[in-house]
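Participant: No sequence on hand, only this structure:
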């Protein structure tokens, strides 16, 4: 085995030229130099594959007793270790940044998701350069690095095509290859993809059989094969983070149909079945108790009988979705096996970045964006029932009911976002490494946390934590290596202190005890009553005998509760948790949250071909009046297509030309569509086409009057009855001269929507009143720049 002579605490590793005899003539027989050797990690460093699923509860996967078949997870568990007390942060982006850095989520600015970032250091979504990501450390030590799937760590004002790209995986994230999407979720049938930092379109359509998970697995398999073909001696780090099983729950129908009838007895019965199975498997202690259903969660019997088939189908679709992604994870494992490298590959299969998601309302959702806009009431039971057969299909953006999320977290309390209780933070995790773990099929119950993964990988690879990365002194990692537990099943846990906090839900774990307080309910996105922080009721649990937090001992041990509450405050101060911020939907609006925006002012100028602009890359026109003006050239043969569109099938707006006539469409959540069309066609020549929307005012989500103009002359008018107040989409974008993704309007197909004329410019003006309904071309740029 070759010795390792590199000083690896300073990265990049400084070049250290070897002193040799310098000759005058290269032909001199004494001319000799040491060979140029590629940088490699220390001998024996394993390949590393980290698989992170999305929104999967502790009791969902069959590997941990759940009803969703996950044979790949079971296969890895039988050849490795299950960790049944592994924890996350209760939300996706915070868990991911903690995983990738080995630091607590507030330490790296990710106190919540990027879309709700504020200016507070613990909630800014900006990772300090003193906390370099694991992938960067591995790359600078000689690993090949690649990420496939979800990246939810980019500050929203840095998601435009112009970057900056410091927080992108292939920018400053340390990954040499990235193929996936930026943001919290994506349409599995028609995703907004990036290769590196370049927007790319999916290689096929849903009608042609495309699905994002399969595409990501194809890319991962291809990359691994090529890496080993070209660099067989160089280990790799692959981070596979598919969008599954985050909503929308999109899956081919045949996968959902495998579970037909399996959930007809409802979530209460399913939770009990899972609990029994968990004890049979031994993944929970025999003395563990099934925690009771909270009053905020309705029982199955309380649900309307006519709605139950729809509710059961929601869970069938979800189960198929989880089995589907596990199948494609299996393709990656098969590839490792086929290449003969599974033996020396450290595989982390983390089944969920938080507990199961209860963001789908009590009845579930056909379009989950309805709840994020405070408009869930539009999806009446009658509407939901009418959409049963479409669940999981390209026409849906679906999520399951709160009761199913609770059932998928069996035997624990609560769900995603509720960081106080294990239902929000405890995720079944499997570690497989035949070359480094002797026991097969073992169970480990030491307390562990997602921040422990990075130090574990470094220890397994024989690498030190870097003291300096790219000239910046590094702060220590805050996690604890799990390597000690791999071959010491009864070893005392080393990670014995951990705080938790998300939207005011908070808790502390210390040496077996947990003190926790639930502050707010995740499915109440808008409105509701939230107590003052000092009025929150704390609970106390003894984890040494109470796996599921079933017995509150706060009344019996007030002294210990007070000590742990004080310890939480100390840890919260240490790791930038304060001030506690319990706002949710309000923080979607940058001005309300206090975070930067890419653009300022009331005007934005666009040019033809600009596209894939995220919602945070465009001046917001929600809940206010605005106008769209475009200068175009039209041929004698007429014109058709999109001038500018924001959003897509599940919510958005479009200014377009329909068979020669200027048209404006506003789509409310895919449920209501309002269209206004000009009374006459656009004449040939160069013209200004304009749409003005006069907002009704009087609150959020109101409607307004629409007027269409040719060169300042009104040519049509109409009415939009309602608007979306908070967000159009998590994945659809703004495009000029065409529309990517799905179509805002049912009147055209986005794939054939390219504008057939010539666009000189398009301008969005918000809250302005140009009484002549026309922009002087000579003044246009000056006015636009002044308004910014």
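Facilitator: Sure, I can see it. All figures in this text were calculated on a predicted structure; none of them were measured in a lab.

Participant: Low-confidence bits of the chain, can you list those?
Facilitator: Along the chain, the model assigns pLDDT under 70 to residues 1-3, 5, 526-527, 768-772, 777-788.

Participant: longest single helix anywhere in it?
Facilitator: When the chain is parsed with DSSP state H, its longest helix is helix 308-338.

Participant: In that helix, which residues are buried?
Facilitator: Residues of helix 308-338 classed as buried: 308, 310-330, 332-333, 335-336 (neighbour count, 16 or more other Cβ atoms under 10 Å). Using the backbone N, CA and C atoms, a C-beta is placed for each residue, glycine as well.

Participant: list the helices and strands that helix packs on?
Facilitator: Judged by 3 or more Cβ pairs under 8 Å, 6 or more residues apart in numbering; DSSP states H and E, helix 308-338 is in contact with strand 47-52, helix 71-78, helix 212-230, strand 236-241, helix 253-257, strand 345-350, helix 381-386, helix 402-408.

Participant: hmm, who's touching the fourth one?
Facilitator: By Cβ atoms under 8 Å, 6 or more residues apart in numbering, the residues outside strand 236-241 that reach it are 47-52, 54, 96, 100, 134-135, 138-139, 143-151, 175, 180, 216-217, 220, 223-224, 227, 329, 332, 457.

Participant: gap between the closest residue to residue 775 other than its chain neighbours and residue 689?
Facilitator: Leaving aside its sequence neighbours, residue 775 sits nearest to residue 629 (Cβ to Cβ, 6 or more residues apart in numbering; 5.3 Å). Applying Cβ to Cβ, to the nearest Å, the value for residue 629 to residue 689 is 7 Å.

Participant: How about residue 91?
Facilitator: Using Cβ to Cβ, we find residue 91 at a distance of 43 Å from residue 689.

Participant: Can you say which of the contacts of strand 236-241 are buried?
Facilitator: For the contacts of strand 236-241, a burial check counting by 16+ other Cβ under 10 Å picks out 47-52, 54, 96, 100, 134-135, 138-139, 143-151, 175, 180, 216-217, 220, 223-224, 227, 329, 332, 457.

Participant: For residue 619, which residues are in contact?
Facilitator: Residue 619 neighbours (Cβ under 8 Å, 6+ apart): 599, 601-604, 764, 766.

Participant: repeat that with 7 Å
Facilitator: 599, 602, 604, 764, 766 (Cβ atoms under 7 Å, 6 or more residues apart in numbering).

Participant: counting contacts, what elements does the strand ranked longest in the chain pack onto?
Facilitator: In terms of residue count, the longest strand belonging to the chain (DSSP state E) is strand 685-695. The elements that strand 685-695 packs onto, with contact taken as 3 or more Cβ pairs under 7 Å, 6 or more residues apart in numbering; DSSP states H and E, are strand 626-634, strand 704-710.

Participant: Mind listing what's buried along the longest one?
Facilitator: So that's strand 626-634. 626-632, 634.

Participant: and the residue nearest to residue 508 when sequence neighbours are not counted, what element?
Facilitator: Leaving aside its chain neighbours, residue 508 sits nearest to residue 568 (4.0 Å; criterion: Cβ to Cβ, 6+ apart). Of the helices and strands defined by DSSP states H and E, residue 568 is found in helix 558-574.

Participant: by contact count, what packs against that helix?
Facilitator: In this structure, helix 558-574 makes packing contacts with strand 497-502, strand 505-510, strand 513-517, judged by 3+ Cβ pairs under 7 Å, 6+ apart.

Participant: Pick the most deeply packed of those.
Facilitator: Comparing the helices and strands packed on helix 558-574 by mean neighbour count (mean count of other Cβ atoms under 10 Å), strand 505-510 ranks first with a mean of 26.

Participant: before we move on, back to that, which residue of residue 91 and residue 689 possesses the greater neighbour count?
Facilitator: Taking other Cβ atoms under 10 Å, residue 91 and residue 689 do not tie; residue 91 has more neighbours (30 against 25).

Participant: Provide a list of residues in contact with the more buried one.
Facilitator: Neighbouring residues of residue 91 by Cβ under 7 Å, 6+ apart: 112-113, 354, 416-417, 502.

Participant: Turn those residues into a markdown table, columns for distance to residue 344 and secondary structure.
Facilitator: Formatted as a markdown table, these follow (distance: Cβ to Cβ, whole Å; DSSP: H, G, I helix; E, B strand; the rest coil):
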| residue | distance to residue 344 | secondary structure |
| --- | --- | --- |
| 112 | 38 | coil |
| 113 | 36 | coil |
| 354 | 31 | coil |
| 416 | 35 | coil |
| 417 | 38 | coil |
| 502 | 37 | strand |
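
Participant: Narrow those to those that are buried.
Facilitator: 112-113, 354, 416-417, 502.

Participant: Give the buried residues for the strand or helix carrying residue 591.
Facilitator: Per DSSP H and E: residue 591 is located in helix 590-593. Residues of helix 590-593 classed as buried: 590, 593 (neighbour count, 16+ other Cβ under 10 Å).

Participant: Need the contact partners of it.
Facilitator: By Cβ under 7 Å, 6+ apart, helix 590-593 touches 116-118, 586-587, 597.

Participant: Spell out the secondary structure type for residue 277.
Facilitator: With DSSP: H, G, I helix; E, B strand; the rest coil as the basis, residue 277 sits in helix.

Participant: shouldn't it be in contact with residue 65?
Facilitator: Yes. Counting by Cβ atoms under 7 Å, residue 277 does reach residue 65; the two are 4.0 Å apart.

Participant: List only buried entries from the contacts of helix 590-593.
Facilitator: Buried among the contacts of helix 590-593 (16+ other Cβ under 10 Å): 116-118, 587.

Participant: which residues in the stretch 401-550 of the chain form strands?
Facilitator: Assigned by DSSP state E, counting those that start in this stretch, the stretch 401-550 of the chain shows strands spanning 429-432, 442-444, 448-449, 468-469, 472-473, 497-502, 505-510, 513-517, 539-542.

Participant: ok, residue 81 to residue 452 distance?
Facilitator: Separation of residue 81 from residue 452 (Cβ to Cβ) stands at 14 Å.

Participant: and if you look at residue 542?
Facilitator: From residue 542 across to residue 452, the span is 23 Å (Cβ to Cβ).

Participant: In terms of packing, which of these two has more residues around it?
Facilitator: Counted by other Cβ under 10 Å, residue 542 and residue 452 do not tie: residue 452 has more neighbours, with 28 against 15.

Participant: roughly how far apart are that one and residue 480?
Facilitator: Per Cβ to Cβ, residue 452 is found 5 Å from residue 480.

Participant: same deal with residue 722?
Facilitator: Remark: distance between residue 722 and residue 480 (Cβ to Cβ) = 51 Å.

Participant: the more surrounded of these two?
Facilitator: Taking neighbours as other Cβ under 10 Å, residue 722 and residue 480 compare with residue 480 leading, 22 against 18.

Participant: The more buried one: what's it in contact with?
Facilitator: 452, 455, 494-495.

Participant: how many neighbours does residue 162 have?
Facilitator: Using other Cβ under 10 Å, residue 162 has 11 other residues around it.

Participant: Assign a three-state SS to it, would you?
Facilitator: Secondary structure assignment for residue 162 (three-state DSSP): coil.

Participant: what are the phi and psi angles of it?
Facilitator: Note on residue 162: its backbone torsions stand at phi -100, psi 0 [degrees, to the nearest 10].

Participant: With residue 733 as the reference, measure out to it.
Facilitator: In this view, residue 162 and residue 733 are 14 Å apart by Cβ to Cβ.

Participant: now, which of the contacts of residue 480 lie within helices?
Facilitator: Reading helices off the contacts of residue 480 with DSSP H, I get residue 455.

Participant: Report how many residues lie close to the closest residue to residue 160 other than its chain neighbours.
Facilitator: Distance criterion Cβ to Cβ, 6+ apart; nearest residue to residue 160, sequence neighbours excluded, is residue 617 at 4.0 Å. If you count neighbours by other Cβ under 10 Å, residue 617 ends up with 21.

Participant: hang on, isn't residue 617 packed against residue 598?
Facilitator: Yes. The criterion here is Cβ under 7 Å, and residue 617 meets it with residue 598 at 5.2 Å.

Participant: Which residues are in contact with the spatially closest residue to residue 614 that is not a sequence neighbour?
Facilitator: The shortest distance from residue 614 to any non-neighbouring residue, by Cβ to Cβ, 6+ apart, is to residue 159 (4.5 Å). Applying Cβ under 7 Å, 6+ apart to residue 159 gives the contacts 182, 614, 616-617.

Participant: Alright, calling it a day.
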